[in-house]
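Chemist: Got a predicted model here, sequence first, then my questions.
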Amino acid sequence: MKDRTPAVDPGASSDLAFTVDACPVAQPRARHGRLPNGAPVTYEAPKAHPIHVFKLAVQAAARAAMAGSPAPLYGPGEAVRLWLYFCLPRPAKYDAFCGRGKDRRHKYPADALPHTAKPDADNLAKAAKDALKGIVWHDDSQVYRMVVTKQHVARGGLPGLTVLTRAGEKGGSR
C-alpha cells in the first residue's frame with residue numbers, strides 16, 4: 001500500500017522487512033505501589049489490555065517474514081539498525097468537507113499526515129521492540145540506531161506498522 005511504504009537509504013537493502021496489519025498500541029507504563037503490609041509491588045498491564053494483541057500481531061508478522069531463518073536473526077552483541085513506521089487511525093475530522101456546491105472539498109489533504117498527539121513515539125517503539133525480542137534480536141539493547149515515524153494513514157488506508165532492520169557496523173561494547 002502506497003501510504004505504508006517507507007523511504008529508506010537509496011541503494012541499501014534491508015535484512016528484514018515486514019508489515020503488521022494491526023492498530024499500533026503504545027507500551028503502558030508499569031505502575032508501582034505498596035501492599036497493605038508495606039511491601040513494594042509493580043503492576044503490569046492487565047491481560048485484557050490491547051498491547052498484548054498488538055505484540056502478538058508484531059511477533060506473528062516477524063515470524064512469517066523470517067520463515068526459514070534462524071531465530072533470533074541477530075545474535076547477542078550484534079548491532080542492529082531499525083526503522084519503525086507507525087500508521088495510526090485517521091480522525092474523522094480529517095475527512096470533513098468545507099464549501100458548498102461545486103466548491104465543496106475536503107478540509108485536509110488525502111495524504112498521510114503527521115501524528116502529533118498521544119501515544120508518544122517512544123512508547124510505540126518500546127512496544128514493537130519488546131515484541132521482537134528473541135525473534136529478530138537477542139535483546140532490544142542491540143538496537144543502536146532507530147528511526148521512528150508516526151503518522152495518520154492516508155484517506156482510505158489501514159492502520160499498521162512497517163518494520164525494517166539492517167545489521168549495523170561491526171564492533172561495539174558487550
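Modeler: Everything's here; your move.
Chemist: which residues in this structure form helices?
Modeler: Listed in chain order, the helices of the chain (DSSP state H) span residues 50-65, 121-132.
Chemist: For Val165, name its beta-bridge partners.
Modeler: Check again: residue 165 is Thr, not Val. According to DSSP bridges, Leu16, Leu82 are recorded as the beta-bridge partners of Thr165.
Chemist: Which pLDDT value goes with it?
Modeler: According to the model's per-residue confidence, Thr165 sits at a pLDDT of 95.
Chemist: Could you pull up the contacting residues of it?
Modeler: The neighbourhood of Thr165, defined by Cβ atoms under 8 Å, 6 or more residues apart in numbering, consists of Ser14, Asp15, Leu16, Ala17, Leu73, Tyr74, Val80, Arg81, Leu82, Trp83, Val136. Where you see a C-beta, it was placed from the backbone N, CA and C, and this is true even at glycine.
Chemist: my guess is the third one meets Ala67, correct?
Modeler: No. In this structure, Leu16 is not within contact of Ala67 by Cβ atoms under 8 Å, at 11.2 Å.
Chemist: the more surrounded of these two?
Modeler: Of the pair Leu16 and Ala67, Leu16 is the one with more neighbours under other Cβ atoms under 10 Å, namely 20 against 6.
Chemist: show me the contacts for that one.
Modeler: Leu16 touches Ala62, Ala65, Met66, Leu73, Val136, Val163, Leu164, Thr165, counting by Cβ under 8 Å, 6+ apart.
Chemist: and if we set it to 10 Å?
Modeler: Applying Cβ atoms under 10 Å, 6 or more residues apart in numbering to Leu16 gives the contacts 62, 65-66, 69, 73-74, 80, 82, 132, 135-136, 163-167.
Chemist: All good on my end, thank you.
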